[in-house]
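K.L.:
sharing a model that was predicted from the sequence below.
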Amino acid sequence: MEKEMLVLAELKEGKFEKFMGWMQSDEGMSVRKSAAYPEKTVGAVIPDKSGVMFKVFVHNEEKMKELISGTHPVGKAIYDECVIKMTAWDLTKVEM
């Protein structure tokens with residue numbers, strides 16, 4: 001079942017390009033695909049490039065938790081090098 005989440009990643013100084021380059025690489029895409037649908041992801045960048053925010057559509061919550069916590073075996077190295085912390089929230093639609 002697909003679940004919508006909002007993820008905020010706080011990045012170490014000067015690591016925006018490195019982090020985003022990895023996220024768009026074949027390796028990064030395979031990690032992202034293991035947890036969510038990259039083609040549906042909506043992203044935004046903090047103006048000073050100290051962080052990024054993603055609305056993701058998750059199909060494997062356990063893999064997403066690994067990625068967000070920095071324990072995913074493939075994503076751990078880039079997390080340790082570039083990320084201060086990631087925080088995630090479940091999103092629910094509000095009917096108006």
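P.N.:
Ah, there it is. Since the structure is predicted, the reported quantities are computational estimates derived from the model, not experimental observations.
K.L.:
start to end distance for stretch 43-56?
P.N.:
Distance between the two ends of stretch 43-56: 9 Å, counting by Cα to Cα, to the nearest Å.
K.L.:
what about the chain, any weak spots by pLDDT?
P.N.:
By pLDDT under 70, the chain has no low-scoring segment.
K.L.:
please, where are all the strands along it?
P.N.:
Listed in chain order, the strands of the chain (DSSP state E) span residues 3-11, 42-45, 51-58, 83-90.
K.L.:
now the second one, how far from the chain's geometric center?
P.N.:
Computed by Cα atoms, centre = their mean, to the nearest Å, the chain-centroid distance of strand 42-45 equals 10 Å.
K.L.:
now swap in stretch 14-34 and tell me
P.N.:
Distance, centroid of stretch 14-34 to centroid of chain: 9 Å (Cα atoms, centre = their mean).
K.L.:
okay, buried residues for it please.
P.N.:
Using 16 or more other Cβ atoms under 10 Å as the test for burial, stretch 14-34 gives Lys15, Phe16, Phe19, Met20, Trp22, Met23, Gly28, Val31, Arg32, Ser34. Yep, even glycine has a C-beta here, placed from its N, CA and C like the rest.
K.L.:
how about the fourth one: what's its closest non-neighbour residue?
P.N.:
The spatial neighbour of Met20 that comes closest, neighbours along the chain excluded (Cβ to Cβ, 6 or more residues apart in numbering), is Val52 at 7.3 Å.
K.L.:
how about Lys93, what does it touch?
P.N.:
Residues near Lys93 by Cβ atoms under 8 Å, 6 or more residues apart in numbering: Glu4.
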